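Student: What shape does this take:
(one chain, ligands or ions: 1)
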Amino acid sequence: MSTNFDKILNRRISNSIKWNAYPEDVLPMWVADMDLTAPPPILDALRKTLDHGVLGYEFPRKELMEEVAQRMQRLYNWEVKAEEVIPVPGLVTGFNIAARITCAPGDGILVQPPVYFPFMKVQKNTGTVTQLAELKKVTHGRTLHHEVDWDVFDNAIHSDDAQTRLFLLCNPHNPTGTVYSDAELARLAQTCEQENIIICSDEIHSELLLDGHRHTPIATISPEAAQRTITLVAASKTFNVAGLFVGFAIIQNKEIREKFKAELEKLTFHTNSLGHIASQVAFSGACDSWLEELLVYLTENRDFMVDYIEKNLPGINTSVPEATFLAWLDCNELIESGKIEGSPHKFFLEKAKVALNEGAMFGPGGEGFVRLNFGCPRETLLEGLERMKAALG
Ligand SMILES: Cc1ncc(COP(=O)(O)O)c(C=O)c1O
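Tutor: Residues are numbered from 1 along each chain as shown. Below is the predicted model of the structure:
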């Protein structure tokens with residue numbers, strides 16, 4: 001392996017949210033960025049720009065959109081045209097814009113909790129109704145996974161007297177780490193077609209695939225799905241450049257695309273020039289060998305973590321993520337047995353000095369869970385797990 005992912009970096013000297021939100025004695029394992037440097041080709045391109053020294057207004061070049069389109073072709077055999085790719089200042093912006101152009105106040109937005117919590121905030125931003133199609137937890141011994149409960153999904157549509165206009169899909173799914181199968185995607189797409197629901201598919205984690213799992217963009221499931229889907233992609237998670245705030249909406253339906261572009265224009269959203277450069281390099285494939293090594297490292301971290309939890313943290317059941325660097329830990333047995341009182345997030349923060357994400361924030365099904373970020377050197381991961389073990393006695 002030519003990249004040393006074991007190297008410990010001091011992130012406290014930066015403005016990192018993850019590393020500066022808690023006191024110095026707390027080990028942060030929460031916010032979804034990784035404790036490693038971005039790939040050298042991206043850093044070299046950014047350095048070249050900084051050496052030039054001019055940081056004036058820039059527009060995203062057509063070549064950038066072409067690069068994104070070509071990567072979709074290479075990875076998924078998905079034919080995308082450059083004009084179907086729209087830069088957005090982040091994916092959270094992207095799915096909020098999607099809601100604004102597809103829903104009127106009082107309309108319904110379907111989500112699958114426990115899910116990335118800004119999905120739930122779209123309701124507040126748009127005056128819509130969140131319709132909850134909670135995922136089903138399936139436990140196998142000390143591990144668990146989440147899958148669609150089809151009755152729950154179907155019943156959530158048009159629930160609370162609201163017409164469902166938008167399905168906010170998260171695939172691969174944060175926080176559960178599930179990668180939806182083609183059969184599941186086909187059924188989801190078909191239901192949306194029958195019910196005339198637009199799909200906004202957040203695929204930010206689509207290249208962080210562990211163990212050779214395969215990702216399918218829901219837009220590639222059928223021509224009908226392509227026409228009703230807004231797909232959101234970015235280099236941000238995969239190549240650890242989230243602070244540069246550039247993502248892309250791929251919209252093949254012209255009418256939806258024009259509305260999306262008009263809304264971005266209306267709200268005067270622009271993208272960051274350093275983010276354009278990083279994205280262009282990332283989508284070009286110049287960092288793919290780095291990514292291959294990263295995925296091996298993350299898979300080993302995941303396996304190390306699952307093994308550690310099974311052997312040393314009785315009462316915690318863990319997901320075995322198929323994608324992402326996020327583990328979803330079920331602490332409900334510890335709560336039921338009285339070993340943890342109240343929130344497991346608070347318990348581990350106070351007793352272990354480890355900052356995790358509070359599961360309840362991810363909506364129904366998240367109660368009694370915490371989310372742990374294993375996108376860090378193995379030594380850091382071990383330290384976090386050892387602190388948790390010691391706290392549990
Ligand atoms: C599913 C998902 N979507 C979006 C984001 C954030 O996207 P952005 O920073 O581009 O707004 C995250 C970050 O963790 C995420 O997990």
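
Student: Point out where this structure drops to low pLDDT.
Tutor: 1 (pLDDT under 70).

Student: Quick check: which helices or strands does the lengthiest helix in it pack against?
Tutor: In the chain, assigned by DSSP state H, the helix with the most residues is helix 288-312. Using 3 or more CB pairs under 8 Å, 6 or more residues apart in numbering; DSSP states H and E as the contact test, the elements touching helix 288-312 are strand 317-319, strand 326-330, helix 378-392. For glycine as for every other residue, the C-beta is placed from the backbone atoms N, C-alpha and C.

Student: Could you rerun that using 10 Å?
Tutor: helix 40-52, strand 143-147, helix 273-284, strand 317-319, strand 326-330, helix 378-392 (3 or more CB pairs under 10 Å, 6 or more residues apart in numbering; DSSP states H and E).

Student: what domains does the record give for the protein?
Tutor: 17-40+288-392, 55-284 (automatic domain parsing).

Student: one step back: please name whichever of the helices and strands packed on helix 288-312 is nearest to the ligand.
Tutor: strand 326-330 (7.7 Å; CB to the nearest ligand atom).

Student: Check which helices and strands the closest one sits against.
Tutor: Using 3+ CB pairs under 10 Å, 6+ apart: strand 326-330 touches strand 136-140, strand 143-147, helix 288-312, strand 317-319, strand 369-373.

Student: what do you get if the cut-off is 8 Å, keeping everything else the same?
Tutor: In terms of contacts (3+ CB pairs under 8 Å, 6+ apart), strand 326-330 is packed against strand 143-147, helix 288-312, strand 317-319, strand 369-373.

Student: what's the closest of these to the ligand?
Tutor: Short answer: strand 369-373, nearest of the helices and strands packed on strand 326-330 by CB to the nearest ligand atom, at 9.6 Å.

Student: Walk me through which strands that closest one pairs with, and which way each runs.
Tutor: strand 326-330 (antiparallel), strand 357-358 (antiparallel) (DSSP bridges).

Student: just those: most buried one?
Tutor: Among the strands paired with strand 369-373, strand 326-330 has the highest mean neighbour count (mean count of other CB atoms under 10 Å), at a mean of 26.

Student: is that one anywhere near the ligand?
Tutor: No. Judged by CB under 6 Å from any ligand atom, strand 326-330 and the ligand are separated, with a smallest distance of 7.7 Å.

Student: what angle do that strand and helix 378-392 make?
Tutor: 10 degrees (axes from the mean of the first three to the mean of the last three CA atoms, to 10 degrees).

Student: just the angle between strand 326-330 and strand 143-147, please?
Tutor: 110 degrees.

Student: now the helix or strand following strand 326-330, how far from the centre of its chain.
Tutor: As assigned by DSSP states H and E, the chain's next helix or strand after strand 326-330 is helix 332-336. Centre-to-centre, helix 332-336 and its host chain are 27 Å apart (CA atoms, centre = their mean, to the nearest Å).

Student: Pull the residues that contact helix 332-336.
Tutor: Helix 332-336 has contacts (CB atoms under 8 Å, 6 or more residues apart in numbering) with Gly315, Ile316, Asn317, Ile340, Glu341, Gly342, Pro344, Glu367, Gly368, Phe369, Leu392.

Student: and if we set it to 6 Å?
Tutor: Gly315, Ile340, Gly368 (CB atoms under 6 Å, 6 or more residues apart in numbering).

Student: between these, which is nearest Asp149?
Tutor: Gly368 (18.5 Å; CB to CB).
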